[in-house]
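In: Requesting a structural model of the entry that follows:
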Amino acid sequence: MTSQPTDSPAPAPSLTEVEPYGVERIPDAERTATPFDLFRVAFGGANTFSTCVLGAFPILFGLSFWQGLAATVLGVVAGALILCPMAVFGPANGTNNAVSSSAHLGVHGRVVGSFLSLLTAVAFFSISVWSSGDALVGGAHRLFGLGRGTLSYVVAYALFAGLVLAVCVYGFRFMLFVNKIAVTSATVLFLLGAVAFGGGFDPSYAGTFTASADAATRAMFWPSFIGAALIVLSNPVSFGAFLGDWSRYIPADAPRRRVVGAAFLSQLATLLPFVFGLATASIIATKAPKYVDPAAPDFVGGLLAISPSWFFLPVCLLALIGGMSTGTTALYGTGLDFSSVFPRLSRVRATLLVGVVSIAFIFVGRFALDLVQSISTFATMIITCTTPWMVVMILGFFTRRGWYDPDALQVFNRRQRGGRYWFTHGWNWRGMTAWWVSALLGVLFTDIPGQFVGPLGDLANGVDISLPLSLAVAAVLYLTLLWLFPEPRAAYGPEGARWVPTREMPVPPITEAPTLTAV
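Out: Residues are numbered from 1 along each chain as shown. The predicted model follows:
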């Protein structure tokens, strides 16, 4: 009798089968995604109507079209360069980036990544629901005469948020399916929009910083330019905490240059929705300037006001499809990660909890706060807090030569103690110090004119230097601490450390925590 092979790959699960995995290492047999899948998820999550809203900010800040385009390209390219190395952790460790950060911030310090993913998820899930809900209500008003009262918006936000939650509950493969549709359909709709608005577009739109502007206005140019670039940059940087959620399904032996390249190109491709938002905002500023009034800007309303009637339905479709893509990519990873932070919560329950908190923020931000100020301030805080964490992760990857102990990374999730990454009672104070000091300095030097100015924000004559300062401080401080206070040799791979010294120390054995048990 001939025995049957036992190592044949398992059949692909159904789209409607709820994903069984949390943040534990994905088994090799289940890691069937490709770098192109990573491109589709990352691009699909940003090829949306909410990215158009972010693309309109340079015009809202008073820049001309060409000035706005320069700020947009600067923000996208710089953000893509910061983001793309974060793609390597998923294939290397088969888990998300917050768990991988245990190697650099410690078993307990990995909760920093969980906090950052929550902050990002709330912000971008909210932006997607706000922008898509507004577009759906506005389109329905123009097509069917639906009233634009508070009830209409409440129903639209609730229904849309519910759809996004449902996709996130089913998990990665359902989300990947949604993004496959979103990438193609949203791209087609954006190109269709170029036809709809091409006749009214004038690249010579001058903005407010013209030669005839008074001195006080001209003095605001660089703060406005840098502020617009930072808002654009927040979009790619926002994926830093999530990239491992999707790349963990890529096999460990996938070429790293292809994984990094997929992440980089996915962000360059977002120039399509960004430029669409920038161009249409310049048309709105010319034809319907009341919608770009800094006191009460309404990009969605302005877009519908200048749209030809035949484009109302495509706008609604773009809002629905794109918003689903952005909302799911933002919310999925946070639910996944919080299921490990709070062990009594399964991935599904954690996703629902984070979703409910985000929905509450959506209604507060939309009806009780200044919406544009909420978006821009939240986006800036994301950059300020997340970028130094990414710097620590990337430098840590290079000093470790890309080597990690997958079992030791899971100590926190299993409610255990010890292992290579236990460091000092579960905290690696080197990485933690580099992160919080640089993040704090970034907040102190933040300068968003008319919205949020840190205590030291005026020292650069109104220019926001929070990002370059936090980047430089994080890199220099982290490497300095690794040199002055070497990490245990056991935290590095068989080839040893790169760039930094190490010290010989015994590895604490992995044991069960005395007061916590796994559920």
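In: could you pull out the helices for the stretch 301-450 of the chain?
Out: Using DSSP state H, counting those that start in this stretch, the helices of the stretch 301-450 of the chain run over 312-341, 347-367, 371-399, 406-409, 429-444.
In: Now the second one: buried residues?
Out: Neighbour counts using 16 or more other Cβ atoms under 10 Å place 347-348, 350-355, 358-359, 361-363, 365-366 of helix 347-367 among the buried residues. C-beta here means a position set from N, CA and C on the backbone, and glycine is covered the same way.
In: ok so, going back, mean neighbour count, the helices of the stretch 301-450 of the chain: which tops it?
Out: Of all the helices of the stretch 301-450 of the chain, helix 312-341 carries the top mean neighbour count, a mean of 26, counting by mean count of other Cβ atoms under 10 Å.
In: center of this protein - which residue?
Out: Ser238 (2.3 Å; Cα atoms, centre = their mean).
In: Please give me every residue in contact with the nearest residue to Ala56 once chain neighbours are set aside.
Out: Setting aside the residues directly before and after it, Ala56 is nearest to Ala281 in space (Cβ to Cβ, 6 or more residues apart in numbering), at 3.7 Å. Each residue near Ala281 by Cβ atoms under 8 Å, 6 or more residues apart in numbering is listed here: Gly55, Ala56, Pro58, Ile59, Leu60, Gly68, Val292, Phe299, Gly302.
In: Identify the spatial nearest neighbour of the residue nearest to the centre of the chain, chain neighbours not counted.
Out: Thr120 (4.8 Å).
In: Read off the pLDDT value for the one you found.
Out: On pLDDT, Thr120 comes in at 79.
In: continuing past the longest helix anywhere in the chain, what's the next helix or strand?
Out: Of all segments of type helix in the chain, defined using DSSP state H, the longest is helix 111-144. Downstream of helix 111-144, the first helix or strand assigned by DSSP states H and E is helix 150-170.
In: Next, the buried residues of that following helix.
Out: For helix 150-170, a neighbour-count test (16+ other Cβ under 10 Å) marks 152-153, 156-157, 160-161, 163-165, 167-170 as buried.
In: Can I get that helix as PDB, trimmed to CA atoms?
Out: The C-alpha trace of helix 150-170 is given here as PDB (Å, rounded to 0.1, in the frame of the first residue of the first chain):
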ATOM      1  CA  THR A 150     -28.200  65.400  11.200                       C
ATOM      2  CA  LEU A 151     -30.300  62.200  11.000                       C
ATOM      3  CA  SER A 152     -29.100  61.500   7.500                       C
ATOM      4  CA  TYR A 153     -25.500  61.800   8.500                       C
ATOM      5  CA  VAL A 154     -26.000  59.700  11.600                       C
ATOM      6  CA  VAL A 155     -27.600  56.800   9.600                       C
ATOM      7  CA  ALA A 156     -24.900  57.000   6.800                       C
ATOM      8  CA  TYR A 157     -22.000  56.900   9.300                       C
ATOM      9  CA  ALA A 158     -23.600  54.100  11.300                       C
ATOM     10  CA  LEU A 159     -24.300  51.900   8.300                       C
ATOM     11  CA  PHE A 160     -20.900  52.500   6.700                       C
ATOM     12  CA  ALA A 161     -19.100  51.800  10.000                       C
ATOM     13  CA  GLY A 162     -21.100  48.600  10.400                       C
ATOM     14  CA  LEU A 163     -20.100  47.400   6.900                       C
ATOM     15  CA  VAL A 164     -16.400  48.000   7.700                       C
ATOM     16  CA  LEU A 165     -16.700  46.200  11.000                       C
ATOM     17  CA  ALA A 166     -18.200  43.200   9.300                       C
ATOM     18  CA  VAL A 167     -15.300  42.900   6.800                       C
ATOM     19  CA  CYS A 168     -12.800  43.200   9.600                       C
ATOM     20  CA  VAL A 169     -14.500  40.500  11.700                       C
ATOM     21  CA  TYR A 170     -14.200  38.000   8.800                       C
END
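In: Compute the inter-axis angle for it and helix 111-144.
Out: 130 degrees (axes from the mean of the first three to the mean of the last three Cα atoms, to 10 degrees).
In: just the angle between helix 150-170 and helix 347-367, please?
Out: Going by the same axes, to 10 degrees, helix 150-170 makes 160 degrees with helix 347-367.
In: Quick check: which helices or strands does helix 150-170 pack against?
Out: The elements that helix 150-170 packs onto, with contact taken as 3 or more Cβ pairs under 8 Å, 6 or more residues apart in numbering; DSSP states H and E, are helix 111-144, helix 172-198, helix 312-341, helix 347-367.
In: list the helices and strands the last one packs on?
Out: When contacts are defined as 3+ Cβ pairs under 8 Å, 6+ apart, helix 347-367 packs onto helix 111-144, helix 150-170, helix 312-341.
In: Let's have the ones you listed in CSV, adding distance to Asp464.
Out: Below are the helices and strands packed on helix 347-367 laid out as CSV (distance: least, Cβ to Cβ, whole Å):
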stretch, distance to Asp464
helix 111-144, 18
helix 150-170, 31
helix 312-341, 24
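In: doesn't Ala206 make contact with Gly62?
Out: No - applying Cβ atoms under 8 Å as the test, Gly62 and Ala206 come out as separate, 10.0 Å apart.
In: which of the two has more neighbours?
Out: Gly62 (22 against 18; other Cβ atoms under 10 Å).
In: That one falls within a helix, correct?
Out: No - Gly62 is assigned coil when assessed by DSSP: H, G, I helix; E, B strand; the rest coil, not a helix.
In: who are the neighbours in contact with it?
Out: Here Gly62 is in contact with Gly207, Thr208, Phe209, Thr217, Met220, Ser224 (Cβ under 8 Å, 6+ apart).
In: Can you tell me how far the fourth one is from Asp293?
Out: Taking Cβ to Cβ, to the nearest Å as the measure, Thr217 falls 16 Å from Asp293.
In: pLDDT weak spots in the stretch 101-250 of the chain?
Out: Within the stretch 101-250 of the chain, the segments meeting pLDDT under 70 span 169-176, 179.
In: Repeat that for the stretch 351-500 of the chain.
Out: If you take pLDDT under 70 as the line, the stretch 351-500 of the chain has these spans: 365-376, 449-450.
In: that older thread, ok, of the buried residues of helix 347-367, which one's closest to Ile448?
Out: Among the buried residues of helix 347-367, Gly365 lies closest to Ile448 (Cβ to Cβ), at 16.4 Å.
In: pLDDT on stretch 75-83, on average?
Out: Stretch 75-83 comes out at a mean pLDDT of 95.
In: Dump it to PDB, keeping only the CA atoms.
Out: Output of stretch 75-83 as PDB, limited to C-alpha atoms (Å, rounded to 0.1, in the frame of the first residue of the first chain):
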ATOM      1  CA  GLY A  75       5.100  64.200   1.600                       C
ATOM      2  CA  VAL A  76       4.400  61.000  -0.400                       C
ATOM      3  CA  VAL A  77       8.000  60.300  -1.300                       C
ATOM      4  CA  ALA A  78       9.400  61.100   2.200                       C
ATOM      5  CA  GLY A  79       6.600  59.000   3.800                       C
ATOM      6  CA  ALA A  80       7.100  56.100   1.500                       C
ATOM      7  CA  LEU A  81      10.900  56.100   2.200                       C
ATOM      8  CA  ILE A  82      10.200  56.000   6.000                       C
ATOM      9  CA  LEU A  83       7.500  53.400   5.700                       C
END
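In: could you pull out the strands for the stretch 401-519 of the chain?
Out: With DSSP state E, counting those that start in this stretch, the ranges of strands along the stretch 401-519 of the chain come out as 416-417, 447-448, 452-453, 487-488, 502-503, 511-512.
In: which one of these lies closest to Cys316?
Out: strand 447-448 (32.0 Å).
In: by contact count, what packs against the closest one?
Out: Using 3+ Cβ pairs under 8 Å, 6+ apart, strand 447-448 is in contact with helix 221-237, helix 371-399.
In: Next, the angle from the last one to helix 221-237.
Out: Compare the direction of helix 371-399 with that of helix 221-237 by the same axes, to 10 degrees and you get 60 degrees.
In: From the chain's centroid, how far away is helix 371-399?
Out: Here helix 371-399 is found 9 Å from its chain centre; the criterion is Cα atoms, centre = their mean, to the nearest Å.
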